[in-house]
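A.B. asks: Have a look; sequence and predicted model below, questions after that.
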Amino acid sequence: MYSTGLAYFLWLISGLGALGFHRFYLGKWGTGLIYMFTGGLGGIGSFYDLVTLPLQVREANLRNAYREVIYDRHAQRKPDFIQNDF
């Protein structure tokens, strides 16, 4: 589960978001690399993240919860020909 406080801390230590550490933390590798090479999209993306970071953390947590439900459901499903009547 992702933490808003940690995401803001990573935003702060990455040069106010310019290096995109918070993006890597949230699993957004593509935009993390873009932020790293462009300085947070010239500061505009960094300011956007300052305002929307709690929503991004919530979205990342929901995305992980969704993945867990989907993959757990598929892992528990057994083929019809397997019977556990030993």
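C.D. replies: Cool, got the structure.
A.B. asks: Need phi/psi at the most centrally placed residue in the chain.
C.D. replies: Against the mean C-alpha coordinate of the chain, by Cα atoms, centre = their mean, the closest residue is residue 26 at 2.6 Å. Its backbone dihedrals place residue 26 at phi -80, psi 0, with angles given as degrees, to the nearest 10.
A.B. asks: Distance check, it against residue 6.
C.D. replies: From residue 26 over to residue 6 the distance is 10 Å, taken as Cβ to Cβ, to the nearest Å. C-beta coordinates here come from the backbone N, C-alpha and C atoms, glycine included.
A.B. asks: Tell me the spacing between the residue nearest to the centre of the chain and residue 58.
C.D. replies: Noted for residue 26: a distance of 10 Å to residue 58, by Cβ to Cβ.
A.B. asks: who touches both of these two?
C.D. replies: Overlap between the contact sets of residue 26 and residue 58, as judged by Cβ atoms under 8 Å, 6 or more residues apart in numbering, is nil.
A.B. asks: circling back: please name the residues that touch the residue nearest to the centre of the chain.
C.D. replies: Residues near residue 26 by Cβ under 8 Å, 6+ apart: 2, 7, 56, 57, 60.
A.B. asks: where does the second one land on pLDDT?
C.D. replies: Going back to what we said before, that points to residue 7. Each residue has a pLDDT score; the one for residue 7 is 98.
A.B. asks: out of everything not next to it in sequence, what's closest to it?
C.D. replies: Nearest residue to residue 7, sequence neighbours excluded (Cβ to Cβ, 6 or more residues apart in numbering): residue 22, at 4.8 Å.
A.B. asks: I'd guessed the one you found sits against residue 13; true?
C.D. replies: No - with contact taken as Cβ atoms under 8 Å, residue 22 and residue 13 are classed as non-touching, separated by 9.3 Å.
A.B. asks: what pLDDT does residue 23 get?
C.D. replies: 97.
A.B. asks: host element of residue 61?
C.D. replies: In this structure, residue 61 is located in helix 44-76 according to DSSP states H and E.
A.B. asks: And residue 7, by the same measure?
C.D. replies: With elements delineated by DSSP H and E, residue 7 resides in helix 4-13, which encompasses its position.
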